[in-house]
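Enquirer: test case, fold it:
(2 chains, ligands or ions: 1)
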Amino acid sequence: MTAIDHDEEAVVIIGSGAGGGTLAYELTARGIKVVVLEAGPHITNDEYVNDEWAAFSQMAWLDPRTTSGSWRIARDFPNLPAWIVKAVGGSTTHWSGATPRFLAHEFQARSTYGAIDGANLLDWPLTLAELAPYYDRAEIAMGSTHRHGRAALPANNNYKVFANGAARVGYNFYATGPYATNAEPYDGRPASVQDGFNFQGDKSGAKWSTLVREIPRAGATGHLDLRPLSQAVQITHDQTGRADAVLYLDAAGGLHRQRARIVCVAGNSIETPRLLLLSASSLFPDGLANSSGQVGRNYMRHTTGSVYAQFPDPVHSYRGETMAGIIADEARHDERRGFAGRYYLETLSLGPAFLAAFADPGSWGRDFTSILDGYAHTAGLWIVGEDMPQETNRITLNGSVTDAAGLPVANVNFDDHPNDVAMRDHGYRQAELLYDAVGSISAHRTPPYPSTHNLGTSRMSARPEDGVVNKFGRAHDVPNLFVSDGSVFTTGAAANPTLTIVALAIRQADHIAEQLANRSL
Amino acid sequence: MRVIRVAFPHAQLPDTAYEKTADALIALAEKSPRHFLALSSGLASLDTLPAGAFLDLNAMDATARLRAIEHTEFFAFVRANTVLTLYNLPEVWEALGYEGASFDKGGYLTRGFNDLDWLPEPRIEEYTGELNHVEIGPLTRQVGAASGPAESASTRDEVTK
Ligand SMILES: Cc1cc2nc3c(=O)[nH]c(=O)nc-3n(C[C@H](O)[C@H](O)[C@H](O)COP(=O)(O)OP(=O)(O)OC[C@H]3O[C@@H](n4cnc5c(N)ncnc54)[C@H](O)[C@@H]3O)c2cc1C
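Expert: Residues are numbered from 1 along each chain as shown, chains lettered A, B, ... in the order given. Have a look, this model is predicted:
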């Protein structure tokens, strides 16, 4: 690893997950010097543990956060609004691997759906055609199965139930991917051994993450200075309003200042707006890059829910690649279903520890224990669909709760939109029909987990008054400040977000490199 | 321990699982005066209700007794921490039919990840038939579901024994 002087004006990237890790690699590969500040430790594959709670405690972001609003999370997990990893590689270490693309109309949500009460819908300043070449590059980087010659993963037990059910209810668009875990050796990494731990760090390296690919490759260029256990607490600027440095804390609480030529924020959609709000100054009294007032707003988490069905015969759904199964037939905008937007169904399986914690938080007694008694005979799936952006679904600084450094923590306020509720109910019902078609004896509806897909809190917009960044993720208000993670999503679409985050980061890297080359940055 | 067994009844679980959980809860409560107080007064109050000592009640009455106090701090503490502890015990995993970590054994690749044999082998590749994926509007063929809005009872729960 290369040391970059604190007084050298580098590109400073905050966060090393899907967005930050990708950007770091793409820039260093072009010879651009990059400092990556990562709040979490550098934990590698051999240190990962295949045990749900142990892995979660080892890597999840457990610093305090608070919640408010009518979502069930505020009651069941008031201090755990989201499941986000705090470690080098970010949440790509715990992500599962599903990589669908957005559909063309999903970039034009406002024009396609029309005005919806209470929803702050807006079209992206970007089209599928513009992003398509970057989707290709992202799929090749991540090794998505079913794409660019990558083989499909085989059917595991959970998928067999899922796909047969799909076929019997008349669905057609189902498959074991696209999914960014190797079915065959690829890119210097092995094939999946189907160890069943996909929401945890992957010991084998078959699963793509920025920890196994982008970070080590960026290191090998000689242009990366990766600083783990370094939490950015403020972005400072000069009198003209250009970002000039990032202040960060080391593990011992010592404060450092890294000078910056460009600052790219990729802390995931809760910490990114928190940092912008913490960076308020006399020039930017409402927070950095917040002249629109949209920083922290339009927080989205996808409309989700799970159904766990029990069968007379064994399933053993915990064996194998957890989310290597996707159905796209409901990924269509059809107002006759009673809601706008699309959703996918994807296979899902939790171990008994997490199933007990999340299946029906707060419940007990026989209704509850019967969910676990049938564990070995259970198949499960996840509904993941577009949720409506709402201005009041919002990240703010909590004035009364502070973190270890004494800084206000993020509060996450969320209410389901009626459209979200209608979509979730439709998904639950379709899932029950699907399992019923293959002989289920019971089905249990599980509410959304702490959010794994966190989106939208610094959204892209064509006009500065509608959002925070432009179509390259560059802040409307601060010319050398970029947002490089899922916070930039104008709307959420139905697809799992990471492929799109990576594609946008690659595109942003091209843009930054171009601007640096012609000295316009 | 009785409280835990009544609240989380599993016929197939060994007593040791409940004992370990009870011990873990007591150890946890001892770390916080507030929880310790809630636990001791909660346990004591179980015996002072009119129907008699908790340990003498049959399963149904004992469950009803717990229902009556389910919103107390005592019960919330027991419930939340039992969920975290009991289902994290390897003997419970085994009893429920969960095999856990497999990486050291080469994963489940040769150990049954695809051994389900009561359904036909499904297609794994993406659909290549004559239909186009519909992005807007209804499907062109009937799917086994009504096309209208779903019923709104999102908490409907059909778990059977
Ligand atoms: C269990 C699970 C399963 C998932 N499955 C899928 C899936 O199948 N498909 C899919 O598309 N997506 C999936 N996701 C979501 C996916 O992980 C995220 O969309 C993606 O990682 C987000 O990328 P990001 O760059 O925005 O943030 P992250 O990857 O979360 O990275 C953010 C990083 O920034 C660091 N950071 C934050 N604040 C600061 C600060 N102030 N200073 C320094 N560092 C900071 C954090 O520690 C973290 O390492 C899953 C997530 C989880 C948790």
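
Enquirer: quick one: contacts for the residue positioned nearest the centre of chain A?
Expert: Chain A has A:His453 as the residue nearest its centroid, 4.1 Å off, counting by Cα atoms, centre = their mean. With contact set as Cβ atoms under 8 Å, 6 or more residues apart in numbering or on different chains, A:His453 has these partners: A:300-302, A:304, A:384, A:486, A:492, A:496-497. (C-beta placed from N, C-alpha, C; glycine too.)

Enquirer: counting contacts, what elements does the helix or strand containing A:Ala245 pack onto?
Expert: Element membership for A:Ala245 (DSSP states H and E) is strand A:243-249. With contacts defined as 3 or more Cβ pairs under 8 Å, 6 or more residues apart in numbering or on different chains; DSSP states H and E, strand A:243-249 has these neighbours: strand A:231-237, strand A:255-265.

Enquirer: got the angle for the longest one vs strand A:231-237?
Expert: Taking axes from the mean of the first three to the mean of the last three Cα atoms, to 10 degrees, one finds that strand A:255-265 is oriented at 80 degrees with respect to strand A:231-237.

Enquirer: neighbour-wise, which of the contacts of A:His453 leads?
Expert: Each of those was scored for neighbours by other Cβ atoms under 10 Å in any protein chain shown, and A:Val384 scores highest at 31 neighbours.

Enquirer: for the strand holding A:Ala245, C-alpha coordinates in PDB please.
Expert: The C-alpha trace of strand A:243-249 is given here as PDB (Å, rounded to 0.1, in the frame of the first residue of the first chain):
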ATOM      1  CA  ALA A 243     -14.300  21.100  -0.900                       C
ATOM      2  CA  ASP A 244     -10.700  21.200   0.200                       C
ATOM      3  CA  ALA A 245     -10.200  18.500   2.900                       C
ATOM      4  CA  VAL A 246     -11.800  15.800   5.000                       C
ATOM      5  CA  LEU A 247     -11.600  15.600   8.700                       C
ATOM      6  CA  TYR A 248     -11.600  12.100  10.100                       C
ATOM      7  CA  LEU A 249     -11.100  10.200  13.400                       C
END
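
Enquirer: other residues contacting that strand?
Expert: Contacts for strand A:243-249 (Cβ under 8 Å, 6+ apart): A:12, A:14, A:37, A:227, A:230-238, A:255-260, A:262-263, A:288, A:405, A:478, A:480-481.

Enquirer: near the ligand, from those?
Expert: With Cβ under 6 Å from any ligand atom as the criterion, those include A:14, A:37, A:231-232 near the ligand.

Enquirer: dump these to CSV, plus pLDDT and distance to chain B.
Expert: As requested, these are exported to CSV (pLDDT from 0 to 100; distance: Cβ to the nearest Cβ, whole Å):
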residue, pLDDT, distance to chain B
A:Ile14, 99, 32
A:Leu37, 98, 31
A:Gln231, 98, 28
A:Ala232, 98, 32
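
Enquirer: can I get those residues in JSON lines including distance to A:Asp187 and neighbour count?
Expert: Listed next are these as JSON lines, based on distance: Cβ to Cβ, whole Å; neighbours: other Cβ atoms under 10 Å in any protein chain shown:
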{"residue": "A:Ile14", "distance to A:Asp187": "27", "neighbour count": "29"}
{"residue": "A:Leu37", "distance to A:Asp187": "27", "neighbour count": "25"}
{"residue": "A:Gln231", "distance to A:Asp187": "31", "neighbour count": "25"}
{"residue": "A:Ala232", "distance to A:Asp187": "30", "neighbour count": "25"}
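
Enquirer: farthest pair within the residues you listed?
Expert: The widest separation within those, taken as Cβ to Cβ, falls between A:Ile14 and A:Gln231 and amounts to 8.9 Å.

Enquirer: mutual contacts of these two, please.
Expert: A:Leu37.

Enquirer: ok, the closest residue to A:Gly325 other than its chain neighbours - how many residues close by?
Expert: Using Cβ to Cβ, 6 or more residues apart in numbering or on different chains and skipping residues adjacent in sequence, the residue nearest A:Gly325 is A:Thr347, 3.4 Å away. Look at A:Thr347: counted by other Cβ under 10 Å, it has 30 neighbours.

Enquirer: also B:Asp23?
Expert: Counted with other Cβ under 10 Å, residues neighbouring B:Asp23 total 12.

Enquirer: do you know how far it is from B:Asn81?
Expert: Look at B:Asp23 and B:Asn81: by Cβ to Cβ, to the nearest Å, they are 12 Å apart.
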